[in-house]
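A.B. asks: sequence and predicted model, in that order:
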Amino acid sequence: MERPTILVVDDELLIRDLLYDFFTGQGWSIAVAEDGDKALDLMQSRQIDLVLTDLKMPNMDGITLSTELKESYPDLPIMIMTAYPSVDSAVQALRLKLDDYIVKPFNINQLYKSVEKTLRDKSKQREVE
Amino acid sequence: MTVAPTQPGRLLLADADKAVRDQLQEFLTDLGYEVDVAPTTDDLVSMSDCGQYRVIVFDANVADRPVEAILERLLSIGGVPGIVVMSGEPKLRAVLAAFRGGAADYVVKPFEIGDLSDIVGRAAQISRAAGLIEAGPVEVGMVCCAARVSAAVEK
(Lines give C-alpha, C1' and ligand atoms only; values in the text may rest on other atoms or scores of the structure.)
Protein backbone atom coordinates (compact mmCIF):
# COMPACT_ATOMS: atom_id res chain seq x y z
CA MET A 1 0.00 0.00 0.00
CA GLU A 2 1.30 3.44 -0.92
CA ARG A 3 1.59 6.03 1.80
CA PRO A 4 -2.06 6.71 2.69
CA THR A 5 -3.35 9.96 4.14
CA ILE A 6 -5.58 9.66 7.20
CA LEU A 7 -7.69 12.48 8.58
CA VAL A 8 -8.05 12.28 12.37
CA VAL A 9 -10.96 14.30 13.78
CA ASP A 10 -11.10 14.60 17.56
CA ASP A 11 -11.66 17.49 19.94
CA GLU A 12 -9.13 15.98 22.37
CA LEU A 13 -5.62 17.20 21.66
CA LEU A 14 -4.15 14.17 23.42
CA ILE A 15 -5.86 11.77 21.01
CA ARG A 16 -4.93 13.84 17.96
CA ASP A 17 -1.30 13.93 19.06
CA LEU A 18 -1.22 10.25 19.94
CA LEU A 19 -2.63 9.21 16.56
CA TYR A 20 -0.49 11.73 14.68
CA ASP A 21 2.69 10.41 16.29
CA PHE A 22 1.74 6.79 15.85
CA PHE A 23 0.65 6.91 12.21
CA THR A 24 3.48 9.19 11.09
CA GLY A 25 5.77 6.69 12.80
CA GLN A 26 4.34 4.07 10.42
CA GLY A 27 5.24 6.30 7.50
CA TRP A 28 1.68 7.43 6.86
CA SER A 29 0.60 10.96 6.17
CA ILE A 30 -1.77 12.44 8.78
CA ALA A 31 -4.07 15.44 8.77
CA VAL A 32 -5.79 16.46 11.99
CA ALA A 33 -8.91 18.50 12.73
CA GLU A 34 -10.39 19.41 16.08
CA ASP A 35 -13.99 19.56 14.87
CA GLY A 36 -16.31 18.64 12.03
CA ASP A 37 -16.22 22.01 10.28
CA LYS A 38 -12.43 21.98 10.07
CA ALA A 39 -12.56 18.40 8.86
CA LEU A 40 -14.93 19.36 6.03
CA ASP A 41 -12.64 22.25 5.09
CA LEU A 42 -9.62 19.95 5.04
CA MET A 43 -11.43 17.51 2.78
CA GLN A 44 -11.67 20.28 0.18
CA SER A 45 -7.98 20.97 0.17
CA ARG A 46 -6.34 17.57 0.61
CA GLN A 47 -6.64 14.10 -0.81
CA ILE A 48 -7.78 11.97 2.13
CA ASP A 49 -7.86 8.16 2.00
CA LEU A 50 -9.65 7.47 5.29
CA VAL A 51 -11.32 9.47 8.07
CA LEU A 52 -11.04 8.44 11.70
CA THR A 53 -13.46 10.55 13.70
CA ASP A 54 -14.54 10.84 17.29
CA LEU A 55 -18.27 10.45 17.95
CA LYS A 56 -18.90 13.03 20.65
CA MET A 57 -17.59 16.46 19.68
CA PRO A 58 -18.89 19.98 20.17
CA ASN A 59 -20.85 21.66 17.33
CA MET A 60 -20.96 18.67 15.04
CA ASP A 61 -20.93 15.08 16.27
CA GLY A 62 -19.18 12.25 14.44
CA ILE A 63 -22.42 10.83 13.02
CA THR A 64 -23.41 14.18 11.49
CA LEU A 65 -19.92 14.65 10.09
CA SER A 66 -19.96 11.13 8.65
CA THR A 67 -23.38 11.70 7.09
CA GLU A 68 -22.11 14.86 5.37
CA LEU A 69 -18.93 13.14 4.24
CA LYS A 70 -20.87 10.17 2.84
CA GLU A 71 -23.00 12.55 0.78
CA SER A 72 -19.98 14.19 -0.84
CA TYR A 73 -17.56 11.25 -0.81
CA PRO A 74 -19.66 8.03 -0.87
CA ASP A 75 -16.65 5.73 -1.22
CA LEU A 76 -14.56 7.35 1.50
CA PRO A 77 -13.77 4.90 4.31
CA ILE A 78 -14.85 6.32 7.67
CA MET A 79 -14.25 4.85 11.11
CA ILE A 80 -15.80 6.20 14.27
CA MET A 81 -14.25 6.20 17.76
CA THR A 82 -16.02 6.78 21.03
CA ALA A 83 -15.46 6.72 24.75
CA TYR A 84 -19.26 6.63 25.21
CA PRO A 85 -20.36 3.55 23.30
CA SER A 86 -24.04 2.72 23.03
CA VAL A 87 -26.22 0.36 21.05
CA ASP A 88 -28.06 3.32 19.50
CA SER A 89 -24.96 5.10 18.24
CA ALA A 90 -23.45 1.84 16.99
CA VAL A 91 -26.60 1.04 15.01
CA GLN A 92 -26.66 4.62 13.66
CA ALA A 93 -23.01 4.46 12.64
CA LEU A 94 -23.16 1.06 11.03
CA ARG A 95 -26.45 1.83 9.26
CA LEU A 96 -24.53 4.65 7.59
CA LYS A 97 -22.14 1.95 6.36
CA LEU A 98 -19.23 3.34 8.33
CA ASP A 99 -16.31 0.98 8.27
CA ASP A 100 -15.83 0.45 11.97
CA TYR A 101 -16.98 1.52 15.42
CA ILE A 102 -14.08 1.65 17.83
CA VAL A 103 -14.47 1.88 21.58
CA LYS A 104 -11.99 4.01 23.54
CA PRO A 105 -9.68 3.32 25.18
CA PHE A 106 -8.40 1.32 22.25
CA ASN A 107 -5.35 -0.79 21.69
CA ILE A 108 -3.42 1.26 19.15
CA ASN A 109 -2.02 -1.79 17.38
CA GLN A 110 -5.54 -3.15 16.90
CA LEU A 111 -6.66 0.24 15.64
CA TYR A 112 -3.75 0.23 13.17
CA LYS A 113 -4.73 -3.25 11.95
CA SER A 114 -8.33 -2.18 11.52
CA VAL A 115 -7.37 0.96 9.57
CA GLU A 116 -4.95 -1.01 7.41
CA LYS A 117 -7.55 -3.70 6.70
CA THR A 118 -10.19 -1.11 5.81
CA LEU A 119 -7.81 0.59 3.37
CA ARG A 120 -6.83 -2.75 1.86
CA ASP A 121 -10.47 -3.84 1.45
CA LYS A 122 -11.39 -0.54 -0.21
CA SER A 123 -8.45 -0.81 -2.54
CA LYS A 124 -9.49 -4.35 -3.57
CA GLN A 125 -13.07 -3.16 -4.02
CA ARG A 126 -11.91 -0.40 -6.37
CA GLU A 127 -9.85 -2.90 -8.37
CA VAL A 128 -12.92 -5.12 -8.80
CA GLU A 129 -15.06 -2.16 -9.91
CA MET B 1 -37.42 8.67 3.14
CA THR B 2 -39.62 5.68 2.53
CA VAL B 3 -37.95 2.80 0.78
CA ALA B 4 -40.64 1.01 -1.18
CA PRO B 5 -39.66 -2.35 -2.60
CA THR B 6 -40.36 -2.50 -6.32
CA GLN B 7 -40.86 -6.24 -6.20
CA PRO B 8 -40.97 -7.29 -2.58
CA GLY B 9 -40.26 -10.98 -3.08
CA ARG B 10 -39.94 -13.68 -0.46
CA LEU B 11 -39.07 -12.99 3.13
CA LEU B 12 -38.24 -15.36 5.96
CA LEU B 13 -39.15 -14.25 9.46
CA ALA B 14 -37.82 -16.04 12.55
CA ASP B 15 -38.93 -15.25 16.06
CA ALA B 16 -39.61 -17.57 18.99
CA ASP B 17 -42.62 -15.50 20.08
CA LYS B 18 -45.72 -16.52 18.14
CA ALA B 19 -47.54 -13.24 18.80
CA VAL B 20 -44.60 -11.28 17.33
CA ARG B 21 -44.37 -13.65 14.36
CA ASP B 22 -48.07 -13.28 13.63
CA GLN B 23 -48.06 -9.49 13.92
CA LEU B 24 -44.96 -9.02 11.77
CA GLN B 25 -46.10 -11.59 9.23
CA GLU B 26 -49.40 -9.75 8.78
CA PHE B 27 -47.65 -6.39 8.47
CA LEU B 28 -45.05 -7.60 5.99
CA THR B 29 -47.61 -9.52 3.94
CA ASP B 30 -49.64 -6.31 3.65
CA LEU B 31 -46.49 -4.67 2.25
CA GLY B 32 -46.45 -7.26 -0.51
CA TYR B 33 -43.85 -9.71 0.76
CA GLU B 34 -44.46 -13.41 0.58
CA VAL B 35 -43.64 -14.26 4.18
CA ASP B 36 -42.60 -17.61 5.61
CA VAL B 37 -42.11 -17.97 9.33
CA ALA B 38 -39.67 -19.98 11.40
CA PRO B 39 -40.06 -20.50 15.15
CA THR B 40 -36.58 -21.91 15.86
CA THR B 41 -32.99 -21.53 14.71
CA ASP B 42 -33.05 -24.97 13.14
CA ASP B 43 -36.09 -24.00 11.08
CA LEU B 44 -34.48 -20.69 10.14
CA VAL B 45 -31.35 -22.40 8.86
CA SER B 46 -33.15 -25.28 7.22
CA MET B 47 -35.72 -23.09 5.44
CA SER B 48 -33.09 -20.63 4.23
CA ASP B 49 -31.02 -23.46 2.75
CA CYS B 50 -32.69 -23.09 -0.65
CA GLY B 51 -31.37 -19.55 -1.06
CA GLN B 52 -34.70 -18.24 -2.27
CA TYR B 53 -35.26 -15.42 0.23
CA ARG B 54 -34.59 -11.81 -0.65
CA VAL B 55 -34.80 -10.77 2.99
CA ILE B 56 -34.35 -12.69 6.23
CA VAL B 57 -35.47 -11.10 9.50
CA PHE B 58 -34.60 -12.95 12.68
CA ASP B 59 -34.63 -12.31 16.39
CA ALA B 60 -31.20 -12.81 17.91
CA ASN B 61 -32.92 -14.50 20.83
CA VAL B 62 -34.44 -17.18 18.63
CA ALA B 63 -30.90 -18.35 18.31
CA ASP B 64 -29.29 -20.94 20.49
CA ARG B 65 -25.96 -20.05 18.91
CA PRO B 66 -24.07 -16.79 18.38
CA VAL B 67 -25.59 -14.37 15.89
CA GLU B 68 -22.34 -14.24 13.90
CA ALA B 69 -22.46 -18.02 13.42
CA ILE B 70 -26.02 -17.81 12.09
CA LEU B 71 -25.12 -14.92 9.79
CA GLU B 72 -22.15 -16.81 8.43
CA ARG B 73 -24.40 -19.80 7.75
CA LEU B 74 -27.16 -17.73 6.13
CA LEU B 75 -24.73 -15.81 3.94
CA SER B 76 -22.94 -18.97 2.82
CA ILE B 77 -26.06 -20.46 1.32
CA GLY B 78 -26.04 -18.73 -2.03
CA GLY B 79 -28.32 -15.98 -3.14
CA VAL B 80 -27.47 -12.88 -1.14
CA PRO B 81 -30.31 -12.07 1.23
CA GLY B 82 -30.50 -8.78 3.06
CA ILE B 83 -30.48 -9.83 6.69
CA VAL B 84 -32.10 -7.87 9.50
CA VAL B 85 -31.37 -8.86 13.11
CA MET B 86 -33.84 -7.94 15.87
CA SER B 87 -33.24 -8.02 19.60
CA GLY B 88 -35.11 -7.08 22.75
CA GLU B 89 -31.92 -7.29 24.78
CA PRO B 90 -29.34 -5.61 22.59
CA LYS B 91 -25.70 -5.61 23.59
CA LEU B 92 -23.06 -3.48 21.92
CA ARG B 93 -20.88 -6.50 21.20
CA ALA B 94 -23.78 -8.26 19.49
CA VAL B 95 -24.62 -5.19 17.40
CA LEU B 96 -21.02 -4.89 16.18
CA ALA B 97 -20.81 -8.64 15.54
CA ALA B 98 -24.05 -8.53 13.54
CA PHE B 99 -22.93 -5.70 11.24
CA ARG B 100 -19.40 -7.06 10.90
CA GLY B 101 -20.96 -10.43 10.11
CA GLY B 102 -22.87 -8.97 7.18
CA ALA B 103 -26.26 -7.96 8.62
CA ALA B 104 -27.95 -5.18 6.67
CA ASP B 105 -29.54 -3.75 9.79
CA TYR B 106 -30.16 -4.27 13.50
CA VAL B 107 -33.46 -3.39 15.09
CA VAL B 108 -33.94 -2.89 18.81
CA LYS B 109 -37.28 -4.08 20.23
CA PRO B 110 -39.72 -2.64 20.96
CA PHE B 111 -39.93 -0.68 17.73
CA GLU B 112 -42.62 1.10 15.76
CA ILE B 113 -43.86 -1.50 13.33
CA GLY B 114 -44.04 1.14 10.61
CA ASP B 115 -40.25 1.59 10.85
CA LEU B 116 -39.83 -1.99 9.69
CA SER B 117 -41.12 -1.06 6.26
CA ASP B 118 -38.08 1.11 5.48
CA ILE B 119 -35.64 -1.23 7.20
CA VAL B 120 -36.82 -4.27 5.28
CA GLY B 121 -37.06 -2.22 2.07
CA ARG B 122 -33.40 -1.22 2.44
CA ALA B 123 -32.39 -4.81 3.14
CA ALA B 124 -34.25 -5.92 0.00
CA GLN B 125 -32.37 -3.32 -2.03
CA ILE B 126 -29.06 -4.56 -0.65
CA SER B 127 -29.91 -8.07 -1.67
CA ARG B 128 -30.98 -6.92 -5.12
CA ALA B 129 -27.82 -4.89 -5.55
CA ALA B 130 -25.79 -7.92 -4.60
CA GLY B 131 -27.36 -9.87 -7.41
CA LEU B 132 -29.91 -12.08 -5.75
CA ILE B 133 -32.09 -14.05 -8.08
CA GLU B 134 -34.95 -11.99 -9.44
CA ALA B 135 -37.00 -14.79 -10.89
CA GLY B 136 -37.25 -17.09 -7.91
CA PRO B 137 -35.62 -20.38 -7.02
CA VAL B 138 -35.04 -23.32 -9.28
CA GLU B 139 -37.69 -25.97 -9.29
CA VAL B 140 -35.79 -28.42 -7.08
CA GLY B 141 -35.32 -25.61 -4.55
CA MET B 142 -39.04 -24.90 -4.63
CA VAL B 143 -39.85 -28.48 -3.73
CA CYS B 144 -37.33 -28.74 -0.93
CA CYS B 145 -38.29 -25.35 0.49
CA ALA B 146 -41.98 -26.07 0.26
CA ALA B 147 -41.49 -29.19 2.37
CA ARG B 148 -39.44 -27.30 4.96
CA VAL B 149 -41.91 -24.44 5.16
CA SER B 150 -44.78 -26.86 5.69
CA ALA B 151 -42.89 -28.63 8.45
CA ALA B 152 -42.14 -25.33 10.23
CA VAL B 153 -45.73 -24.10 9.94
CA GLU B 154 -47.04 -27.29 11.50
CA LYS B 155 -45.01 -26.67 14.69
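C.D. replies: Cool, the structure landed.

A.B. asks: and the residue of chain A that's closest to chain B?
C.D. replies: A:Leu94 (4.0 Å; CB to the nearest CB). To be clear about C-beta, it is placed using only N, CA and C from the backbone, and glycine gets the same treatment.

A.B. asks: quick one, what contacts that residue?
C.D. replies: By CB atoms under 8 Å, 6 or more residues apart in numbering or on different chains, A:Leu94 lies in contact with A:Tyr101, B:Val95, B:Leu96, B:Phe99, B:Tyr106.

A.B. asks: quick one: the helix or strand hosting it to chain centroid distance?
C.D. replies: Using DSSP states H and E, A:Leu94 sits within helix A:87-95. Centroid separation for helix A:87-95 versus its chain: 15 Å, with CA atoms, centre = their mean, to the nearest Å.

A.B. asks: show the average pLDDT along it.
C.D. replies: Mean pLDDT, helix A:87-95: 93.

A.B. asks: just the buried residues of it, please?
C.D. replies: For helix A:87-95, the neighbour count (16 or more other CB atoms under 10 Å in any protein chain shown) marks A:Val87, A:Ser89, A:Ala90, A:Val91, A:Gln92, A:Ala93, A:Leu94 as buried.

A.B. asks: kindly report the same for stretch B:89-107.
C.D. replies: Within stretch B:89-107, the residues that count as buried by 16+ other CB under 10 Å are B:90, B:92, B:94-99, B:101-107.

A.B. asks: which of those fall in helices?
C.D. replies: Per DSSP state H, helices hold the following members of those: B:Leu92, B:Ala94, B:Val95, B:Leu96, B:Ala97, B:Ala98, B:Phe99.

A.B. asks: distance-wise, check the closest residue to B:Val45 other than its chain neighbours relative to A:Pro85.
C.D. replies: Closest residue to B:Val45 apart from its sequence neighbours, by CB to CB, 6 or more residues apart in numbering or on different chains: B:Arg73 at 5.8 Å. To A:Pro85, B:Arg73 is 28 Å away according to CB to CB, to the nearest Å.

A.B. asks: quick one: which of the two has more around it?
C.D. replies: Using other CB atoms under 10 Å in any protein chain shown as the criterion, B:Arg73 and A:Pro85 rank with A:Pro85 on top: 19 against 15.

A.B. asks: quick one: mean pLDDT for the helix or strand containing B:Val37?
C.D. replies: Mapping B:Val37 onto the secondary structure by DSSP H and E places it in strand B:34-38. In this model, strand B:34-38 has an average pLDDT of 95.

A.B. asks: which residues of chain A lie near chain B?
C.D. replies: By CB under 8 Å from any CB of the partner chain, the part of chain A that sits against chain B consists of A:Pro85, A:Ser86, A:Val87, A:Asp88, A:Ala90, A:Val91, A:Leu94, A:Arg95, A:Tyr101, A:Val103.

A.B. asks: residues near B:Asp22, how many?
C.D. replies: Other residues close to B:Asp22 by other CB under 10 Å number 12.

A.B. asks: any figure for the gap between it and B:Pro39?
C.D. replies: Distance of B:Asp22 to B:Pro39, computed by CB to CB: 11 Å.

A.B. asks: could you do A:Val128 as well?
C.D. replies: In this view, A:Val128 and B:Pro39 are 39 Å apart by CB to CB.
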